[in-house]
Structure formats: structure tokens, C-alpha cells
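Peer 1: show me how the following folds:
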Amino acid sequence: MSVAESVRFGVLGTLRAEVDGRPAHLGGPRQRAVLAMLLIARGRNVSAERILTDVWEDSRPPSMTTLHGYVADLRRALEPERASGAPARLLVREGAGYALRAAPAMVDAERFTDLAARGRRALEDGEPDHAAELLGQALALWRGPAYAEVAEAAFAVPDATRLEELRAAVREDRLAAVVASGRHVAAVGELEALVSEQPLRERGWELLALALYRSGRQAEALAALRRVRRRLADELGVEPGRGLRDLEAAVLAQDPRLAPPPARSGPARSPRV
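Peer 2: Predicted structure coming up:
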């Protein structure tokens, strides 16, 4: 079995690694931070000096010997069957630094990104049921905040922020797919929770109002649109965007384009407002 087939990394939550389906011991906080930094680099070489500076941040960095010891421990954890003296195949030395040769399929964040893109394409292609399935699989990979243990470290903030933003968009995409497939009644509860957690993201409110309207709850749809208008004005001092304004006008006019999609036996394009 190749390294790519036997090792899996998880960063969508606390950092973890599995070898042949069994948890690998990754050591203490600093050693785990070294691994997180190499995972964020996505196969690119990271100099030993940069690892010491970024992982230890304001603390005085230890000697290179400490870092080499951490790398040796990680290699033993990730390639336990490697013969003594044999070159590492996964965590490799390159010049004055190290690189983690992890294929995208080995890292949950990369699988999440791929599923998110495939789900978005399915939604745009008018296949909402398939989109909801793919996007649900993507969200199921999450176990907690991205890079939970090191999320506030300067080296991790950009990637953790990118993943959390994508996660928020995928939640919206999945619920858009649910609504587009005609399951608007079932989506209302999740959408209420979504706008409660992320009250300044307009797309969630737009989907909630649409789901309420399609569920025969026009007054509640308009109330939701008034709520977000007040929230945006009070907290950001702005008016709702074009999407929310157009939807409010369509709800007031009972625009036929807001009607639920017809029952279908095969894929059909999701309605657009």
C-alpha cells in the first residue's frame, strides 16, 4: 500500500492523522503546530528557520536540534513501517527546510474544497438534488473550527479564514439546493438557524424569505426581509443589496417566478429569481 493510500490528515477541527485507519500520535502542541504549518504549505518547501520563527512566534525559538527531533518523531508516526535508515517518502528534507508530500486526497480540507466546487457546479447546472448530496458530504467532513489548535497563530490565520468562509458559502449553497429541489418547508428551520448564526450574510436571509414564501408564509417572508434590513442599517449602516431588494419586491407582487419548482422525474434547472 502506498503512503497516499494509507495516511489521512484532518485539519477541519483539531489536527489529526490516521495511518492504515488508526490514529497516529502527533506529539505535543509545538510538534503538532509544525505539522499544521507543513500541511498549510501544501507540498511546498518551508525553511527550518521560518518554521522556528512562525511556530514559536514571540517565544525564543529553540535550537535546530529540537526541530529535527520533532520531524523525526512525526516521521515515525506517519511512516511506522519505514525501514531504519530508509529515506522518508512523506515528510521530506529539501535543502534547508522540509516539505510534506501529501496528495490532495490525503487531506480533509482538500476533499472538502473539491466537493464544494462539484456541488456548486451541480447547482449551477440545474441538478439541485445532486448538489445537496455533494455539499452535504463536504460539510460532514468538519469536526470543529479549521486548524482548531493553531487557528489564531499568524501562520494559520489566512488558511483557517479561507476555509471558514468557504464553509459558510457551502452551507448556503446546500440550502439553496434544498430550496431549489422543492424541499422549502424542510429548509426553513435550518435557514432560521443559519441567519441567527450569521446575521450579516445576506444570502441566508434571501433563502429564508424565499423558503417561507414558497411555504405559503408571505407575511413571515416579508417580516424576515424587514429584520435583515434593520440589522444591516443598525450594525453596518447600509441598505440591503440588490438581491434582497428584488426579492422583497417580488414577494410583495406575488411574482409567479417565486413559485416552487414543478414536480419532476429527472434533473431540471433550479428556478432563479
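
Peer 1: and R93, helix, strand or coil?
Peer 2: strand (DSSP: H, G, I helix; E, B strand; the rest coil).

Peer 1: what about it, how many neighbours?
Peer 2: Residues within reach of R93, counting by other CB atoms under 10 Å, total 14. (Each C-beta comes from the backbone N, C-alpha and C, glycine too.)

Peer 1: need the CA coordinates for stretch 237-247. CSV is fine.
Peer 2: Coordinates of each C-alpha in stretch 237-247 appear next as CSV, following Å, rounded to 0.1, in the frame of the first residue of the first chain:
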residue,chain,number,x,y,z
GLY,A,237,-25.2,51.5,8.3
VAL,A,238,-26.0,50.1,4.8
GLU,A,239,-29.1,49.2,2.8
PRO,A,240,-29.8,45.6,1.7
GLY,A,241,-28.2,44.5,-1.6
ARG,A,242,-29.9,44.2,-4.9
GLY,A,243,-30.8,40.5,-4.3
LEU,A,244,-32.8,41.2,-1.2
ARG,A,245,-34.4,44.3,-2.6
ASP,A,246,-35.6,42.5,-5.7
LEU,A,247,-36.8,39.6,-3.7
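
Peer 1: now do that stretch: distance to the chain's middle.
Peer 2: With CA atoms, centre = their mean, to the nearest Å as the basis, stretch 237-247 stands 26 Å off its chain's centre.

Peer 1: what's next to that stretch, contact-wise?
Peer 2: 202-203, 205-206, 209-210, 225, 228-229, 232-233, 248, 273 (CB atoms under 8 Å, 6 or more residues apart in numbering).

Peer 1: before we move on, what about stretch 28-37?
Peer 2: Against stretch 28-37 from outside (CB under 8 Å, 6+ apart): 11, 15, 17, 26, 46, 51, 54-56, 67, 70-71, 73-74, 100, 147, 149-150, 153, 155-156.

Peer 1: buried subset of those as a ChimeraX selection?
Peer 2: Selection of the buried residues among the contacts of stretch 28-37 in ChimeraX, burial being defined by 16 or more other CB atoms under 10 Å:
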select :11,15,17,26,46,51,54,55,67,70,71,73,74,100,147,149,150,153,155,156
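
Peer 1: okay, now the unreliable bits of the protein?
Peer 2: The chain contains residues with pLDDT under 70 at 1-5, 83-84, 263-273.

Peer 1: can you pull out the strands in it?
Peer 2: 7-10, 16-19, 22-23, 46-47, 91-94, 97-100 (DSSP state E).
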